[in-house]
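Asker: take a look and give me a structure for this.
(one chain, ligands or ions: 3)
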Amino acid sequence: MKGVLLVNLGSPESTNPKDVKKYLDEFLMDERVIDVPWLLRAFIVKGIVLNTRPKKSAAAYQKIWWEEGSPLIVLSERLQEKIDKFTEVPISLAMRYGKPNIEQGLKELSAKGVDEVLLLPLYPQFAMATTETILVLAEELQKEKFPQMKLTTLPPFYNRPDYIEVLSRSIAEKIENLDYEHLLFSYHGVPERHIKKSDITKSHCQIDGTCCKTPSPAHQFCYRHQCYETTRLVAEKLDLNPDAFSTSFQSRLGFDPWLQPYTDRTIEKFALNGIKKMAIVTPAFVSDCLETLEEIAMEGEEIFHENGGKEFTVIPCLNDREDWVKTLSSWINSWAELTEEESIVK
Ligand SMILES: C=CC1=C(C)c2cc3[nH]c(cc4nc(cc5[nH]c(cc1n2)c(C)c5CCC(=O)O)C(CCC(=O)O)=C4C)c(C)c3C=C
Ligand SMILES: [Fe+2]
Ligand SMILES: [Fe+2]
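Answerer: Ligands and ions are numbered 1, 2, ... in the order given. Model (predicted):
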């Protein structure tokens, strides 16, 4: 029988610094997130980051936490429950870090008699630190603990027309008559090094966008390319004026160069250049989370206002909106209807 495992990033169990530390330890010790040899990673993460960051991150989580728990988890659960109503196959939910974990998700499906699983990472764009780490862990678990199970994966959906349509609608609904001076598409950043590592041609990605005009198999795994494509397709759909939108990258950690331009500096620059009314959308996230509710809606707004900006509109993530639920359900239903030979989409 077929079944689906939705997978999102995960959150700490609570806003207690001890729980935040446990979560950050699991997250940052992932070799696809801090991609340096184990000893160096342990020195950076356990010796430096975990001594200071948990307290700071816990304070940030406290600002956005809901009575029911982490917004990212609550919103992912709501999405799962709604999808369940539109699909025939069992749908489980797992987090890459924290709980419920991927092993628990696969176990839950297996207990329902599922032996063919569609892994559905809840990330529109591919990244080594998100999609790839989910696939690698799920495959390891399958080999070790669920040898009878067949795994397939939904590819990144950054350019699927129905996804672009829903994302565009979510923007248009929030900004009446698209009345704003600048719309910023802010994506989670990654170190530039990750882009080079994921380049299967080893020579395509130049990280300046010039490469993206040349079709290449590298784009299948290029986070930067896929982010710019999402922006381009939404702008095309909404017929945006080329001067009135741009792309930036947020949430930089550490001292290595990450994808640029950085969101915080971009917001500051807009305000200093006299933009009074800006809107911001965060298409790397399908569920609102710390990075959208705190970093963008609180910190970003503060930067804008401090530098002379007036109106700062934050577009919510797709979360559990109905057209998004129906779109995801239609992808699942199409896969569920395929025969065993046809359904290998990896
Ligand atoms: C959307 C895709 C994401 C990518 C790509 C990504 C890369 C990435 N992240 C870190 C470090 C941190 N990220 C943190 C939070 C966080 N990151 C994502 C998504 C992506 N990360 C989400 C959805 C969240 C929010 C989780 C929540 O509970 O709401 C954090 C923790 C918070 C903090 O301390 O700031 C860290 C740390 C790295 C290093 C990285 C790529 C290498
Ligand atoms: Fe992150
Ligand atoms: Fe490219």
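
Asker: quick check: His204 touching Ala218?
Answerer: Yes: contact status for His204 versus Ala218: in contact at 3.8 Å, counting by CB atoms under 8 Å. In short, each C-beta sits where N, CA and C put it, glycine included.

Asker: quick one: residues contacting Ser11.
Answerer: For Ser11, the contact set (CB atoms under 8 Å, 6 or more residues apart in numbering) comprises 23, 61, 69-70, 72-73, 95, 98, 289-290.

Asker: alpha carbons only: can I get the helix or strand Lys326 falls within in CSV?
Answerer: According to DSSP states H and E, Lys326 maps onto helix 322-337. The C-alpha coordinates for helix 322-337 follow below in CSV (Å, rounded to 0.1, in the frame of the first residue of the first chain):
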residue,chain,number,x,y,z
GLU,A,322,-7.0,25.9,1.0
ASP,A,323,-5.6,26.3,-2.5
TRP,A,324,-2.2,25.1,-1.2
VAL,A,325,-3.8,22.1,0.5
LYS,A,326,-5.6,21.2,-2.7
THR,A,327,-2.5,21.6,-4.8
LEU,A,328,-0.4,19.4,-2.6
SER,A,329,-3.3,16.9,-2.4
SER,A,330,-3.5,16.8,-6.2
TRP,A,331,0.3,16.0,-6.4
ILE,A,332,-0.2,13.2,-3.9
ASN,A,333,-3.3,11.8,-5.7
SER,A,334,-1.5,11.8,-9.1
TRP,A,335,1.4,9.8,-7.5
ALA,A,336,-1.0,7.5,-5.7
GLU,A,337,-2.7,6.6,-9.1
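
Asker: so who does the closest residue to Asn319 other than its chain neighbours touch?
Answerer: For Asn319, ignoring the flanking residues on the chain, the nearest one in space by CB to CB, 6 or more residues apart in numbering is Leu75 at 4.9 Å. By CB under 8 Å, 6+ apart, the residues touching Leu75 are 287-288, 317, 319-320.

Asker: compare the residues you listed and tell me which is most surrounded.
Answerer: Of all those, Cys317 has the most neighbours under the rule other CB atoms under 10 Å, reaching 25 neighbours.

Asker: now stretch 132-141: buried residues?
Answerer: 132-135, 137-138, 141 (16 or more other CB atoms under 10 Å).

Asker: determine which two of these are furthest apart.
Answerer: Distance extremes for the buried residues of stretch 132-141: the farthest pair is Glu132 and Leu141 at 15.0 Å, using CB to CB.

Asker: re earlier: make a markdown table out of the buried residues of stretch 132-141 and add pLDDT, secondary structure and distance to Val166.
Answerer: Output for these, formatted as a markdown table (pLDDT from 0 to 100; DSSP: H, G, I helix; E, B strand; the rest coil; distance: CB to CB, whole Å):
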| residue | pLDDT | secondary structure | distance to Val166 |
| --- | --- | --- | --- |
| Glu132 | 98 | helix | 25 |
| Thr133 | 98 | helix | 26 |
| Ile134 | 98 | helix | 22 |
| Leu135 | 98 | helix | 24 |
| Leu137 | 98 | helix | 28 |
| Ala138 | 98 | helix | 26 |
| Leu141 | 98 | helix | 31 |
